[in-house]
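S.K.: here is my input, please return the structure:
(2 chains)
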Amino acid sequence: RDVQKEIGDMVANNKVVVFMKGVPEAPRCGFSNAVVQILRMHDVTYDAHNVLEDEELRQGIKDFSSWPTIPQVYMEGEFIGGCDILLQMHQSGELVEELQKVGIRSALLGAEEDDKK
Amino acid sequence: VNLLTRNMSGMAGPVASIIERKLTDMLKPSHLQIINESYMHSVPKNSETHFKVVVVSESFTDKKPLARHRLVNDVLKEELSSGVHALSINAFTPEQWDKGRQVDKSPNCMGGF
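M.R.: Predicted coordinates for the structure are as follows:
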């Protein structure tokens, strides 16, 4: 098994990829949950990988990113950060911009149609 | 001014002390807070597995958040590859700190380890 290659493919094949503990419907870590909730607020579709189910992936992603903790968020193959960074970006409005850069319209931007009523 | 927040029994554990020393030596912070948050997680009492650090340093000037976090991770590389399991980082420049940047509250544990 080539975990590094697998991870490379995972982050290359999806716009937004999250490596987390548990699954989005049932996170098993407060930090992972925070990431899930933030992405939900923006209504982002993403690929989630549960490191608790896969020890090799759990260590592999830390080596791949040179980042020691979980959760980890990737956008268009680029490592964005963990929970702290995502929260900071969400609070500053930067997350909406980053999502825009990868062609995702954040739900927090509101519906354009409403303005035309 | 250095502040080391003691854990619930009033003593700084060995890992917290090492973290304080390394961050002080490498980043020369004007403000430093190390909070052992292990008690918020499903680990044994007196564990030193989950930390929050608040670091205010000129070293962070002109560095984006990710670069700042990588800097801190690098200083604490050994601890992060042994017992320290989670590290919440709040990294500010002295200017940002003086303007009253907020430290975020860490989320609750949800059982997994």
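
S.K.: okay, and the helix or strand of chain A with the least pLDDT?
M.R.: helix A:112-116 (a mean of 50; mean pLDDT, DSSP states H and E).

S.K.: residue A:88: what's it in contact with?
M.R.: A:94, B:65 (Cβ atoms under 8 Å, 6 or more residues apart in numbering or on different chains). All C-beta spots, glycine's among them, are computed from the backbone N, C-alpha and C.

S.K.: in the helix or strand harbouring it, which residues are buried?
M.R.: Using DSSP states H and E, the element containing residue A:88 is helix A:83-92. The neighbour-count check on helix A:83-92 (16 or more other Cβ atoms under 10 Å in any protein chain shown) flags A:83, A:84, A:85, A:86, A:87, A:88, A:89, A:90 as buried.

S.K.: pLDDT on it, on average?
M.R.: Per-region confidence: helix A:83-92 scores 93 on mean pLDDT.

S.K.: following element in sequence after that helix, please.
M.R.: Next along from helix A:83-92, by DSSP H and E: helix A:94-101.

S.K.: close to chain B, is that following helix?
M.R.: No. Judged by Cβ under 8 Å from any Cβ of the partner chain, helix A:94-101 makes no contact with chain B; its nearest approach is 9.1 Å.

S.K.: can you list contacts of stretch B:59-72?
M.R.: Against stretch B:59-72 from outside (Cβ under 8 Å, 6+ apart): A:66-67, A:79-82, A:84-85, A:88-89, B:23, B:27-28, B:53, B:55, B:87, B:89, B:91-93.

S.K.: kindly check the end-to-end length of it for me.
M.R.: Length of stretch B:59-72, first residue to last, Cα to Cα, to the nearest Å: 10 Å.

S.K.: now stretch B:24-43
M.R.: For stretch B:24-43, the end-to-end distance is 27 Å (Cα to Cα).

S.K.: next, the buried residues of it.
M.R.: Quick answer for stretch B:24-43 (16+ other Cβ under 10 Å): B:24, B:27, B:29-30, B:32-38, B:40-41.

S.K.: against residue B:80, how distant is whatever residue of chain A ends up closest to chain B?
M.R.: Taking Cβ to the nearest Cβ, chain B has its nearest neighbour within chain A at residue A:28, 2.6 Å off. To residue B:80, residue A:28 is 20 Å away according to Cβ to Cβ, to the nearest Å.
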